[in-house]
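In: starting from these lines, generate the structure:
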Amino acid sequence: MNKLGGIFLHVGIWLGLGLLAYVFFLRQEAPPTQVVGSGQIELGRARDGHFHIDGAIQGVPVRFLIDTGASTVSISQELARRIGLDCEMQSTFRTANGAVQGCIGRVARLEFGPFGIDNAAVAILPNLTSDALLGMNALRQVRMEQEANRLRLSVVE
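Out: Numbering: from 1, shown residues only. So this is what the prediction gives:
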């Protein structure tokens, strides 16, 4: 019985440590806060090292990864199907992973945080790992200021 009690003690300790680790990492995965002011938003850097922002394309909610290296807002084929976006023109895109065949479509409305753009060009890429990248064709419409792990987007004056 003493041996069995020791086993239960060790199992309990390991389960307790596992629970503590789970709670610690669960808290770390919480999305950074978005502080919305009048015509501005402030984002915290996510655990993956990037900035993300909530938005919508054609009224469908989207979580954008902010990508200043992308010239165009890019979405996955799956998201394009969900919003009913068709290809208007085939194109080759230069990405960090090399050249990729995709196409370009136009959306009536693209929103991110408190900002919106009408008639925006969107690249539809076949193997995009996230739903959407917010590229420079949208980001040049706002002022961007980064300070450490915070990114502030505001209306261009």
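In: poorly predicted segments of this structure, please.
Out: Applying pLDDT under 70 to the chain flags the ranges 1, 4, 8, 10-12, 15-33.
In: middle-most residue in it, spatially?
Out: The residue lying closest to the centre of the chain (C-alpha atoms, centre = their mean) is residue 65, at 3.0 Å.
In: and stretch 95-114, C-alpha only, in PDB?
Out: Output of stretch 95-114 as PDB, limited to C-alpha atoms (Å, rounded to 0.1, in the frame of the first residue of the first chain):
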ATOM      1  CA  THR A  95       6.400  35.700 -51.800                       C
ATOM      2  CA  ALA A  96       9.000  34.900 -49.100                       C
ATOM      3  CA  ASN A  97       8.600  31.300 -50.300                       C
ATOM      4  CA  GLY A  98       9.200  32.100 -54.000                       C
ATOM      5  CA  ALA A  99       6.900  32.700 -56.900                       C
ATOM      6  CA  VAL A 100       3.300  31.600 -56.500                       C
ATOM      7  CA  GLN A 101       0.500  31.400 -59.100                       C
ATOM      8  CA  GLY A 102      -2.700  33.100 -57.900                       C
ATOM      9  CA  CYS A 103      -5.200  35.700 -59.100                       C
ATOM     10  CA  ILE A 104      -6.500  39.100 -58.200                       C
ATOM     11  CA  GLY A 105     -10.100  40.000 -57.300                       C
ATOM     12  CA  ARG A 106     -11.800  43.100 -56.100                       C
ATOM     13  CA  VAL A 107     -13.900  43.400 -53.000                       C
ATOM     14  CA  ALA A 108     -16.600  46.100 -52.500                       C
ATOM     15  CA  ARG A 109     -15.500  46.700 -48.900                       C
ATOM     16  CA  LEU A 110     -12.500  45.800 -46.700                       C
ATOM     17  CA  GLU A 111     -12.400  46.800 -43.100                       C
ATOM     18  CA  PHE A 112      -9.700  46.600 -40.400                       C
ATOM     19  CA  GLY A 113     -10.200  48.000 -37.000                       C
ATOM     20  CA  PRO A 114     -12.000  51.400 -37.400                       C
END
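In: what are the buried residues along it?
Out: 95, 100, 102-105, 107, 110-114 (16 or more other C-beta atoms under 10 Å). To be clear about C-beta, it is placed using only N, CA and C from the backbone, and glycine gets the same treatment.
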